[in-house]
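K.L.:
fold the following and give me the result.
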Amino acid sequence: MGMHKDSENMNDPSRLSAILQMYEMLRLREWEKFRSSTASYLSYKTGSDIIKNLFDACEKDIQQRITNIFKVLDIPPLNDIMTDSKQGMMQEIRNLFRYSYYQNHSEFYSNIIMLAGINPKTALQRQFTLQCCKIYCLLLLQDPPVKAVWNIQESLVQDVEHVDKKDREHWRKPAFLWPILKCGEQVIVKGVVWDEK
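P.N.:
Numbering: from 1, shown residues only. Prediction:
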């Protein structure tokens, strides 16, 4: 696990190291609970689609909220050159969002789940989808943001591990179950793949 360039505020419950610990628990423990909570075990393909759709919806939700704030403040879009004042404002917006998203406002996450087109059927499924949204939103709101990378063809072998802990030479048509998490070009968490049949 890599770290950001700045030291963390250990009093901040939404600091990167704390969110990465939550992410690991989600991938290891909560995923298995979620996977076994259906009448028949959830396939890796279905699980991967759910996670990817949730993460994509998180990115869209946060980007839309940031765009709306910039419109209200009459600030040109972010694709313009980032001035120091814009960068500072962006950091403040991320901090405000991170605080708000950390406070477990499940209405944020319920809207994201609907945006992703997912309809959890049980309490365990709802809990897993809410946790996916919360944790990924908090990763996106780090400064700088931590983002999911889903492109297996552009991934280095050392940045990926197999769900069954197979050696690379035994993988057959790998596909992501969990993405690689990157901060810029730095890999923060390895991705997890499974064998598509």
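K.L.:
just the pLDDT for residue 62.
P.N.:
Reading off the confidence values, residue 62 has pLDDT 92.
K.L.:
wait, I meant residue 169
P.N.:
80.
K.L.:
before we move on, what about residue 112?
P.N.:
Looking at residue 112, its pLDDT reads 94.
K.L.:
and what of residue 173?
P.N.:
As predicted, residue 173 sits at a pLDDT of 86.
K.L.:
same check on the one 3 residues further on?
P.N.:
Confidence at residue 176, expressed as pLDDT, is 92.
K.L.:
host element of it?
P.N.:
strand 174-178 (DSSP states H and E).
K.L.:
which elements pack onto that strand?
P.N.:
Contact here means 3 or more C-beta pairs under 8 Å, 6 or more residues apart in numbering; DSSP states H and E; on that basis strand 174-178 packs against helix 44-72, strand 191-195. C-betas here are computed from N, CA, C, even on glycine.
K.L.:
end to end on stretch 175-194, go ahead and measure it.
P.N.:
6 Å (C-alpha to C-alpha, to the nearest Å).
K.L.:
show residues contacting that stretch.
P.N.:
Residues lying outside stretch 175-194 but in contact with it, judged by C-beta atoms under 8 Å, 6 or more residues apart in numbering, are 1-2, 4, 16, 20, 23-24, 27, 31, 44-45, 47-48, 51-52, 55, 139, 142, 144-150, 152, 155, 158-164, 171, 174, 195-196.
K.L.:
got the confidence number for the residue nearest the centre of the chain?
P.N.:
Taking C-alpha atoms, centre = their mean, the centroid of the chain lies closest to residue 136, which sits 2.8 Å from it. Residue 136 carries a pLDDT value of 97.
K.L.:
quick one: it from residue 45, how far?
P.N.:
Going from residue 136 to residue 45 by C-beta to C-beta, to the nearest Å gives 20 Å.
K.L.:
which residues of this protein fall in helices?
P.N.:
For the chain, the helices defined by DSSP state H cover 16-25, 31-36, 44-72, 84-102, 106-115, 123-140.
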